[in-house]
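J.: predicted model and sequence below, questions to follow.
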Amino acid sequence: MKRKTKLIHGGNPFDPHTGAVSVPIYQVSTYKQDDIGVHKGYEYSRTGNPTRHALEQYIAALEEGARGFAFSSGMAAIHAVFSLLSAGDHIILTDDVYGGTYRIVTKVLNRLGIEATFTDTTSMVEVEKSLRPNTRALFVETPTNPLLKVTDITAIAAWCANKKLLFIVDNTFSTPYWQNPLTLGADIVLHSATKYIGGHSDVVAGLAVVKDDQLGEELHFLQNATGGVLGPQDSWLLMRGLKTLGLRMEAHEENAQAIVQYLSGLDTVESIHYPGLLSHPQHELAKRQARGFGGIVSFDVGSGDKASHIIRKLKYFTLAESLGAVESLISVPARMTHASIPSERRALLGITDGLVRLSVGIEDHEDLIADLANALQG
């Protein structure tokens, strides 16, 4: 089954009870039982809901995993996965992860006795240096937010398997349309489904997919125990969004590449971060492990004042925290998505005050380039 076909027919696209081609929204909290413990597969909607279950089967099929799980936000999904760890465990993470991931690790997990090391996961040498006797897991974003660094999933997976570590990949930027980490050896794949999977700035959600049934049982226990589940309305919205994911991801990338080409000719732009650039340090790796380069572009204009000036002059790029929507969005990570990371660490990573992140939408790219030209050259 080809990818666009799988987006329409993957998982369980029809309601088994009525044959409805759009799975109904089961707005229900509890379910009638025929006898004590005798039911039709559902007891209470925190534990399982037919609409959410359809979404969970759907994302499991798209990521080629054993089981999928839907959460009330991307951070709820990350929290549930991190809850597989215990006090005294150590986890290695990509150095320039999303600010919310950095925050939960350094402000929440640390209080529970879970240790962490942030390292450059594009370098196996640096990864190996981070290993401790109590290391239990490795978490990567690839491409990263906001510097678009690419980690070799296959190489890390082999290393983790050798060291008996849990390997977790945040696949938000690539989506299952461009990249499938489980097929490359990862154990768990995560998504902030608020972004490309939902795609329309109308839902907050998180998804996780595991490679095997054992991990599935463990994560389902945690999902049910902690209760950060996705509601049926939002589950339905994600299923609707997923059906057009392929069309949208191709449009996002086409526009992003046109914008990168435009930005590359400007003296006012100090650096551009995009895996599709031949000059990107991991360009060949990105070509090898993914089917596309995505719709996120970051570039540095040299100072926070210049970044603010650009943002005030834009018409079609909306200043907003999120990404992955049909409309183009712009943010300054140092003051927005990554503000929770200490300034000295941001400087070390290259997340400068002048770094601007574009989430390129599906508008006509000529309009987007004209909008940028007016802001950058004005």
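T.: Yep, that arrived.
J.: any regions of the stretch 1-150 of the chain where pLDDT drops low?
T.: Along the stretch 1-150 of the chain, segments meeting pLDDT under 70 span 13.
J.: where along it do the helices fall?
T.: Taking DSSP state H, counting those that start in this stretch as the criterion, the stretch 1-150 of the chain carries its helices at 3-9, 50-62, 74-82, 99-107, 124-130.
J.: dump these into JSON lines; add distance to residue 89 and mean neighbour count as well.
T.: Every residue, glycine included, has its C-beta placed from N, CA and C. Below are the helices of the stretch 1-150 of the chain laid out as JSON lines (distance: least, C-beta to C-beta, whole Å; neighbours: other C-beta atoms under 10 Å):
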{"stretch": "helix 3-9", "distance to residue 89": "36", "mean neighbour count": "15"}
{"stretch": "helix 50-62", "distance to residue 89": "26", "mean neighbour count": "23"}
{"stretch": "helix 74-82", "distance to residue 89": "10", "mean neighbour count": "23"}
{"stretch": "helix 99-107", "distance to residue 89": "12", "mean neighbour count": "18"}
{"stretch": "helix 124-130", "distance to residue 89": "14", "mean neighbour count": "14"}
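J.: out of these, which comes closest to residue 190?
T.: helix 74-82 (5.5 Å; C-beta to C-beta).
J.: contacts for the closest one, please.
T.: 69, 71, 91, 100-101, 104-105, 108-109, 114, 168, 170, 172, 188, 190-195, 205-208, 219, 222-223, 226, 228 (C-beta atoms under 8 Å, 6 or more residues apart in numbering).
J.: and the angle from it to helix 99-107?
T.: Counting by axes from the mean of the first three to the mean of the last three C-alpha atoms, to 10 degrees, helix 74-82 lies at 40 degrees to helix 99-107.
J.: run through the neighbouring helices and strands of the host helix or strand of residue 371.
T.: Using DSSP states H and E, the element containing residue 371 is helix 365-377. With contacts defined as 3 or more C-beta pairs under 8 Å, 6 or more residues apart in numbering; DSSP states H and E, helix 365-377 has these neighbours: helix 245-263, helix 304-313.
J.: and that helix, how far out from the chain middle?
T.: 27 Å (C-alpha atoms, centre = their mean, to the nearest Å).
J.: count of residues packed around residue 183?
T.: As a burial measure, residue 183 scores 15 neighbours (other C-beta atoms under 10 Å).
J.: just to revisit the earlier point, how about the helices of the stretch 1-150 of the chain, which one is nearest residue 240?
T.: Shortest distance between residue 240 and these, using C-beta to C-beta, is found for helix 50-62: 10.2 Å.
J.: restrict that closest one to CA atoms and write it as CSV.
T.: The C-alpha coordinates for helix 50-62 follow below in CSV (Å, rounded to 0.1, in the frame of the first residue of the first chain):
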residue,chain,number,x,y,z
PRO,A,50,-13.9,3.7,20.5
THR,A,51,-13.0,7.0,18.8
ARG,A,52,-9.6,7.2,20.5
HIS,A,53,-9.0,3.5,19.8
ALA,A,54,-9.6,4.1,16.1
LEU,A,55,-7.0,6.9,16.1
GLU,A,56,-4.6,4.7,18.1
GLN,A,57,-4.9,1.9,15.6
TYR,A,58,-4.5,4.4,12.7
ILE,A,59,-1.3,5.9,14.0
ALA,A,60,0.1,2.5,14.8
ALA,A,61,-0.4,1.4,11.2
LEU,A,62,1.1,4.6,9.8
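J.: now the helices of the stretch 1-150 of the chain as TSV including distance to residue 251?
T.: Listed next are the helices of the stretch 1-150 of the chain as TSV, based on distance: least, C-beta to C-beta, whole Å:
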stretch	distance to residue 251
helix 3-9	13
helix 50-62	19
helix 74-82	23
helix 99-107	27
helix 124-130	35
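J.: need the winner for burial among the helices and strands packed on helix 365-377.
T.: helix 245-263 (a mean of 20; mean count of other C-beta atoms under 10 Å).
J.: ok and that helix relative to helix 365-377, angle-wise?
T.: Relative orientation of helix 245-263 versus helix 365-377 (the same axes, to 10 degrees): 40 degrees.
J.: per-residue confidence at residue 378?
T.: pLDDT for residue 378: 65.
J.: again with residue 333
T.: Looking at residue 333, its pLDDT is 92.
J.: reformat the helices and strands packed on helix 365-377 as a markdown table; add distance to residue 148.
T.: A markdown table is the format used below for those (distance: least, C-beta to C-beta, whole Å):
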| stretch | distance to residue 148 |
| --- | --- |
| helix 245-263 | 11 |
| helix 304-313 | 17 |
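J.: among those helices, which is nearest residue 34?
T.: Closest approach to residue 34 among the helices and strands packed on helix 365-377 (C-beta to C-beta): helix 245-263, 38.9 Å.
J.: hmm, who's touching that closest one?
T.: By C-beta under 8 Å, 6+ apart, helix 245-263 touches 3-4, 7, 175-178, 196-197, 199, 269, 272, 274, 276-277, 292-297, 299, 324, 326, 328, 358, 360-363, 365, 368-369, 372-373.
J.: out of the residues you listed, name the ones that lie in strands.
T.: Among these, the ones falling in strands (DSSP state E) are 272, 296, 297, 299, 358.
J.: in the helix holding residue 371, what counts as buried?
T.: 365, 368, 369, 371, 372, 375, 376 (16 or more other C-beta atoms under 10 Å).
J.: could you do stretch 198-205 as well?
T.: For stretch 198-205, burial by neighbour count (16+ other C-beta under 10 Å) applies to 198, 199, 201, 203, 204, 205.
J.: also stretch 334-346?
T.: Buried, per 16+ other C-beta under 10 Å, within stretch 334-346: 334, 337, 338, 341, 346.
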